[in-house]
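1. okay, sequence plus prediction incoming.
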Amino acid sequence: MDSYEKLSYVSITPHAEFLRNFVANTICHSCKTSQRKRCINMADDHNLCSECYKTAVFSIERLPYIVHNLRKFYRQFNLKVDKNIPIFLTDKVEMRKEFDDKTTHSMTVYAKKSTTLVIKNCLWQGEKMEAVKEPKKLSKISILLRFGYPDVITGARLAHEMMNVWLGNKGCMDIQQNIKEGICKVMAYKWLDWYFCNYVDSSSDNGRLGLRYIQIYKPEIESNRAFRGAKMAVDKYGLKHTLKHIVNTRNLPDVNQATALVKIMNEPNEINTVLLAQEEMVEQRTSRKMGLIFS
């Protein structure tokens, strides 16, 4: 018998269960505030405060809503990602089996028929929340996400991996890792802006928490060198043309010497005009909204 079948589950609300099992005077690994809070210790060895706990993704039932929003986000750039790609939640242990990197929170697995353990749901066992796992056979392309993180953060990581999948579908499996990571991080960054404009209500507690996540994770992305190189190209030429250049040349457009790409951009094209206008609108809305909040 699977040891998880022996777990007892007390039928009370999840938040009440949190309050019964919290550990005091701990720093939350999601909102990362310097203020020590009452947190639970996850089975995945990260601490989660009561605020982050309310929006954290513990089971696959929470994924469809996030995926739906991600597809809306991608559609604004006329980018389509295969709807049938399996997306699984997993933990640090299983993630390291697939990719030996302690900092990895999401990944895309290609051409692997092996079986991995994914998160089915979570139950309380004493003072810890334990993940109930089940074996799943990974298909040709699968996305793995670390469980137990708030939906905003999970969405940003999924935006990253969806660009990874998009590049793979365009035959760009062989591009340099820094180019791939850079453009994927650009999409995660753009997702945070898009989410802020569409879903963050600064007058509510959840809205302020969502803003907190964005304030934390955008600087983390900005500190990455690969991201900065990709963002310079996207800022100069737009996302559409940057992606087209990557697909055609396996490289980023040169932000200093790209006369051919500039010529293409200057050609009248209704789709190009619409896409660039959409990108500028999102950036302008974000700037105005941030100004209102912090003025």
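-> Looks like it came in fine.
2. all contacts plus neighbour counts: C-alpha atoms, from now on.
-> OK.
3. helices of this structure, residue ranges please.
-> Residue ranges of the helices in the chain, as given by DSSP state H, are 14-21, 50-55, 63-75, 92-98, 151-169, 177-199, 205-222, 225-237, 239-249, 259-266, 270-294.
4. same list, the ones you listed, but as JSON lines with mean pLDDT please.
-> Formatted as JSON lines, the helices of the chain follow (pLDDT from 0 to 100):
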{"stretch": "helix 14-21", "mean pLDDT": "50"}
{"stretch": "helix 50-55", "mean pLDDT": "84"}
{"stretch": "helix 63-75", "mean pLDDT": "92"}
{"stretch": "helix 92-98", "mean pLDDT": "78"}
{"stretch": "helix 151-169", "mean pLDDT": "93"}
{"stretch": "helix 177-199", "mean pLDDT": "93"}
{"stretch": "helix 205-222", "mean pLDDT": "87"}
{"stretch": "helix 225-237", "mean pLDDT": "95"}
{"stretch": "helix 239-249", "mean pLDDT": "95"}
{"stretch": "helix 259-266", "mean pLDDT": "41"}
{"stretch": "helix 270-294", "mean pLDDT": "49"}
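5. quick check: which of these is buried the most?
-> helix 151-169 (a mean of 23; mean count of other C-alpha atoms under 10 Å).
6. tilt between that one and helix 239-249?
-> 40 degrees (axes from the mean of the first three to the mean of the last three C-alpha atoms, to 10 degrees).
7. which other helices and strands contact helix 151-169?
-> Of the remaining helices and strands, those touching helix 151-169 by 3 or more C-alpha pairs under 8 Å, 6 or more residues apart in numbering; DSSP states H and E are helix 63-75, strand 106-110, strand 141-146, helix 177-199, helix 205-222.
8. assess the claim that M187 and L158 are in contact.
-> No - contact criterion C-alpha atoms under 8 Å: M187 and L158 do not qualify, at 9.5 Å.
9. between the helices and strands packed on helix 151-169, which gets nearest to G238?
-> For G238, the closest of the helices and strands packed on helix 151-169 is helix 177-199, at 11.5 Å, according to C-alpha to C-alpha.
10. how far does that closest one sit from its chain's centre?
-> Mean C-alpha position of helix 177-199 versus that of the full chain (C-alpha atoms, centre = their mean, to the nearest Å) differs by 8 Å.
11. neighbouring contacts of that helix?
-> By C-alpha atoms under 8 Å, 6 or more residues apart in numbering, the surrounding residues in contact with helix 177-199 are 70, 73, 152, 155-161, 163-164, 207, 210-211, 214, 218, 221, 225-231, 251-252, 282-283, 285-286, 289.
12. show me the domain layout of this structure.
-> Domains of the chain are assigned by automatic domain parsing as 3-55, 175-295.
13. D91 is nearest to which of the helices and strands packed on helix 151-169?
-> Across these, D91 has its closest neighbour in strand 141-146 (5.2 Å, C-alpha to C-alpha).
14. which residues sit in contact with G207?
-> 199-201.
15. likewise for C49?
-> 27-28, 37-40.
16. before we move on, what about P135?
-> Per C-alpha under 8 Å, 6+ apart, neighbours of P135: 115-118.
17. which among those residues end up buried?
-> Buried members of the contacts of P135, scored by 16 or more other C-alpha atoms under 10 Å, are 116-118.
18. nearest to L48, of the residues you listed?
-> V118 (20.2 Å).
19. pLDDT score assigned to the closest one?
-> V118 carries a pLDDT value of 87.
20. I'd guessed it sits against K92; true?
-> No - counting by C-alpha under 8 Å, V118 stays clear of K92, with 10.8 Å between them.
21. gap between the closest residue to Y213 other than its chain neighbours and C122?
-> Once flanking residues are discounted, Y213 sits nearest to C31: 6.0 Å by C-alpha to C-alpha, 6 or more residues apart in numbering. To C122, C31 is 21 Å away according to C-alpha to C-alpha, to the nearest Å.
22. so what's the residue lying closest to M107 once chain neighbours are set aside up against?
-> Leaving aside its sequence neighbours, M107 sits nearest to L144 (C-alpha to C-alpha, 6+ apart; 5.4 Å). The neighbourhood of L144, defined by C-alpha under 8 Å, 6+ apart, consists of 87-90, 95, 106-109.
23. now those in a markdown table, with distance to L239?
-> A markdown table is the format used below for the contacts of L144 (distance: C-alpha to C-alpha, whole Å):
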| residue | distance to L239 |
| --- | --- |
| I87 | 25 |
| F88 | 28 |
| L89 | 29 |
| T90 | 31 |
| M95 | 30 |
| S106 | 23 |
| M107 | 22 |
| T108 | 21 |
| V109 | 25 |
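24. so the residue nearest to M107 bridges to which residues?
-> F88, M107 (DSSP bridges).
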